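# prediction below, plus the sequence it came from.
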Amino acid sequence: MDNISTTTTTTNAQSEITVRESRAAVVFGASSEQGRAVIEGLVDAGFGKIYGVTSHLTYASRLLARYKHEHHILKNRVYLLECGGGALSNPQQVKQVLSETQARYIFLVTATDLPRHAHTEGCREAENMEYDAIRSFFDVLVEVYKEDGLERNVVFSSHEDVRAMCMLDNHPAAAAAAAGERLSIPPLEDGSVVPNFSGKGRGAEYGLQLLSDYPDLTLSIITLPFLYSNFLALCCPLPDKGRTEWQISACLGDDAIDMFSEHDLSFIVPEIFENPSIYSQCNLKLTAGAARLNDIAESFSAFFGKDVIYNPLTYQEMANLSIPTAACMAQMCHFFASCGGSTPSYSKDVAESLMLPTLRRPQTFEEWLLVHGNAREFQEVGLTAKAVPIISVCVFDADTVEGINVAESLLKNDNIRSVTAVFSDFDSEPARRLYAIDPERVRLASISETRDEKSLKKLLEGIDGVFMIIDVSDAGILHRDEGEELHAINVIDACEMCSVRHIIFCTTESIVEMQHELKWPSSDDEKAGDDESSFKSTKLSKPLRSITQIEAYLHEQLQKHPQKVFIDAKARIAAYAKSERITVTFVILPLYPENFFDLVTKAGVVTNNVDDAAMHFAPEKEESLLACMSVQDLGRAVARIFDFYEEYAGHEIGLATDFITIREVAQVVREIFFESRIDNKDDTSANDTNRIVQIQHVHDQMQVEGTGNRIIDLGAIFGFCSQSDAVRKRHSIAKVLNLCPEPTTFKMWMNENKYNPAFREKLGLR
């Protein structure tokens, strides 16, 4: 682009992994915390080219370095654009970005250029400059629309117009506020009140009014409360001289205030873009819940093992601190502490509704702390030391296909000096094969050594990291194996006692949380006719079902859907690990290519004198997308996570290299195993190129000869994984590329296993 500096991120990812290029997006404010979170979310959600607009290209490039150097982004996915002098300060550059990118999805976040000195002169001017830039953006948006007629959807991250709420202006908001409790926030010397909020609030009001006349231009406002990231800067716990006590000093009062994590925007903004008409002209006031600062201090103390207290300042005490913009920050904190009847409350229900399609909740402070516990800011104040590398790992359930692949991948990692593998029988052939790889680094253990607290503690002595996945399928899909679940909880407790640094826990989708998407009603819903009035109402056009409400269905659904319970068992164990505040990475397992072959049998139908192959499948929607990845890539991903565990602590990573339908699976099987045989003159199998792969639906009571209950069990899993788009939204190809720069796609895996005797026998091939 002319007059705009550009840099592009690249990767050598396989060309088979594609995205929807038509869904281009622009993120104004790409170098901010919110901008980076939204870019990550858009990449994970499969949007096309993403243009990050910033006023500091070098700074933004450094912040987004992991996208470039760790192959997190697909080829030509993210472009960083520098608009000199400020991302919105030049209307011509804004117009150029909107016109030339042709992006239909726009996220806008702005920053207030407050004076860096401790004085307050210039704050009102900074507010007006921000308002003028926002107003100019919306004017340019309309101008570009009149020229190209392209529909566009905008999400603007705003705040309240606090000055108007304080009734200092002749403003429409003042009359609305007059009936409520007036905010007692003293203005600064230049008359400004929370200028870093008020300019945004004025700009949001202007945008809503202007775009109301243009149905093709949708605008959704998100209003955020006190952000957790403030604890990395403004409200970071500071030590006394002896570093025996740390204080959070702010005028945030003694009552609970609403809080939120910017990272949740990576799920919320793509969801708004998916349904722009629902959220158009809405001001979505988001919160993860309210918390008292004394409780926050206690969470810091519990996490770091240090004495952290909350020191409540008065407004004047905070305004007099020797930090830049102290008075503005004091106003902001005072606003959060004192806002009441004059402003609508933030809504956790709205936040949960927006995140529910990805089966995630708004991040709690404790969960945020798990992710940021090793942040540089906490290291600088002495709360934590630099992360120590993991060099010894214990792999539980090494009998599973996941466990053995992880153990083998860890032995290929030179950073790992020892691997303890727990087998049900350490004299088994897989155990002996693993030991033979490197006898000096491998230690074999029997599962009998892990059944009580004493033996678990002995096993985990000197262990830095643990990988665990609970295999309950051997006990039978139709029965809850409470022993396995209890065993997993005991392992988690032992990890905490032995100071294990990190656990990688492999889990699967929670059926309980999926109920909203699958529309499984509760008995109360059936009795009440699913009365929408039973849910908290908002101005949105659909009722909100919180995850808390969904969890109430658990007991009933265990009775109604017993064949799916083993998936929930893993999800419950993962939730317990998180509640124990252990640093954990949660890896959501996909379907493996091997699973598809478990569904294949001879069809028993003759076509051209040759038996066709049949792929037995439960769901009726054959075009539903299934997340798929080779189990070999799981091992490589786990090894990578252990190398950078402080970066992935608290994260949930849904694995996938492909999203593929069962019909596409059948087509790939035909292409690789049947059609490619036409050039093989030495193969005398008759008419193989004329064979087809049928798709046969299996019902709960249906038996398939020679498979026992395996087809039914797998069919139930496939049915669950394909009935809801929520499963796809929880799995990210981009995150897998970050962990495995050259993953094995489904078609590549099929080609590599083309001559696997077991698979060929199933297909009736020699």
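Great, that's in hand.
# residue contacts, the spatially closest residue to residue 739 that is not a sequence neighbour?
Distances taken as CB to CB, 6 or more residues apart in numbering put residue 637 closest to residue 739, at 4.0 Å, once the chain neighbours are dropped. C-beta here means a position set from N, CA and C on the backbone, and glycine is covered the same way. By CB atoms under 8 Å, 6 or more residues apart in numbering, the contact list for residue 637 reads 587, 653, 655, 736, 739-740.
# if we go to 7 Å?
Residues near residue 637 by CB atoms under 7 Å, 6 or more residues apart in numbering: 655, 736, 739-740.
# what's the average pLDDT for the helix or strand it falls within?
In the assignment (DSSP states H and E), residue 637 maps to helix 631-643. The average pLDDT within helix 631-643 is 91.
# likewise for stretch 195-215?
94.
# next: stretch 369-387.
So the average pLDDT for stretch 369-387 ends up being 86.
# tell me the first helix or strand C-terminal of the longest helix belonging to the chain.
Longest helix in the chain by number of residues (criterion: DSSP state H): helix 123-148. Moving toward the C-terminus from helix 123-148, the next helix or strand (DSSP H and E) is strand 152-158.
# show me what contacts residue 250?
235, 313, 318, 333.
# give me the buried stretch members for the helix holding residue 637, please.
Neighbour-count burial for helix 631-643 flags 631-642 (criterion: 16 or more other CB atoms under 10 Å).
# from those residues, which is closest to residue 263?
The shortest gap between residue 263 and any of the buried residues of helix 631-643 belongs to residue 641, at 17.7 Å (CB to CB).
# please report the distance of the closest one from residue 628.
Applying CB to CB, to the nearest Å, the value for residue 641 to residue 628 is 20 Å.
# got it, and residue 129?
50 Å.
# could you tell me how many residues sit around the nearest residue to residue 290 once chain neighbours are set aside?
Of all residues not flanking residue 290 in the chain, residue 256 sits nearest, at 3.7 Å (CB to CB, 6+ apart). A total of 14 residues lie near residue 256 under the criterion other CB atoms under 10 Å.
# and residue 256, how far from residue 229?
19 Å.
# wait, residue 423 sits on residue 448?
No: using CB atoms under 7 Å, residue 423 makes no contact with residue 448, being 10.2 Å away.
# higher neighbour count, the two?
residue 423 (23 against 12).
# burial check on residue 317, number of neighbours?
15.
# name the element it belongs to?
According to DSSP H and E, residue 317 maps onto helix 315-319.
# now that helix - C-alpha only, PDB.
Extracted as PDB, the C-alpha positions of helix 315-319 are listed here (Å, rounded to 0.1, in the frame of the first residue of the first chain):
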ATOM      1  CA  TYR A 315      -8.900   9.300  45.900                       C
ATOM      2  CA  GLN A 316      -6.500  12.200  46.900                       C
ATOM      3  CA  GLU A 317      -3.800   9.800  48.100                       C
ATOM      4  CA  MET A 318      -3.700   8.000  44.800                       C
ATOM      5  CA  ALA A 319      -3.900  11.300  42.800                       C
END
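# other SSEs contacting the helix or strand that that helix is followed by?
Next in sequence after helix 315-319, counting helices and strands by DSSP H and E, comes helix 326-338. Applying 3 or more CB pairs under 7 Å, 6 or more residues apart in numbering; DSSP states H and E, one finds that helix 326-338 contacts helix 195-211, helix 315-319.
# deepest in the core, which of those helices is it.
helix 195-211 (a mean of 23; mean count of other CB atoms under 10 Å).
# with only the CA atoms kept, save that helix in PDB.
Extracted C-alpha coordinates of helix 195-211, given in PDB (Å, rounded to 0.1, in the frame of the first residue of the first chain):
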ATOM      1  CA  PRO A 195     -10.500  11.400  30.000                       C
ATOM      2  CA  ASN A 196      -9.200   8.000  28.900                       C
ATOM      3  CA  PHE A 197     -12.800   6.800  29.100                       C
ATOM      4  CA  SER A 198     -15.000   9.800  28.300                       C
ATOM      5  CA  GLY A 199     -13.600  10.300  24.800                       C
ATOM      6  CA  LYS A 200     -14.300   6.700  23.900                       C
ATOM      7  CA  GLY A 201     -17.900   6.900  25.300                       C
ATOM      8  CA  ARG A 202     -18.600  10.100  23.300                       C
ATOM      9  CA  GLY A 203     -17.200   8.400  20.100                       C
ATOM     10  CA  ALA A 204     -19.300   5.300  20.700                       C
ATOM     11  CA  GLU A 205     -22.500   7.400  21.000                       C
ATOM     12  CA  TYR A 206     -21.600   9.200  17.800                       C
ATOM     13  CA  GLY A 207     -20.900   6.000  15.900                       C
ATOM     14  CA  LEU A 208     -24.200   4.400  17.000                       C
ATOM     15  CA  GLN A 209     -26.200   7.400  15.900                       C
ATOM     16  CA  LEU A 210     -24.400   7.800  12.600                       C
ATOM     17  CA  LEU A 211     -24.500   4.100  11.500                       C
END
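# what's the closest of the helices and strands packed on helix 326-338 to residue 399?
Across those, closest to residue 399 is helix 195-211 (CB to CB), at 55.9 Å.
# contacting residues around whatever helix or strand comes next after that closest one?
Sequence order places strand 217-223 as the next helix or strand after helix 195-211, per DSSP H and E. By CB under 7 Å, 6+ apart, the residues outside strand 217-223 that reach it are 141, 145, 152-160, 204, 207-208, 211, 272, 276-277, 279-286.
# all good on my end, thank you.
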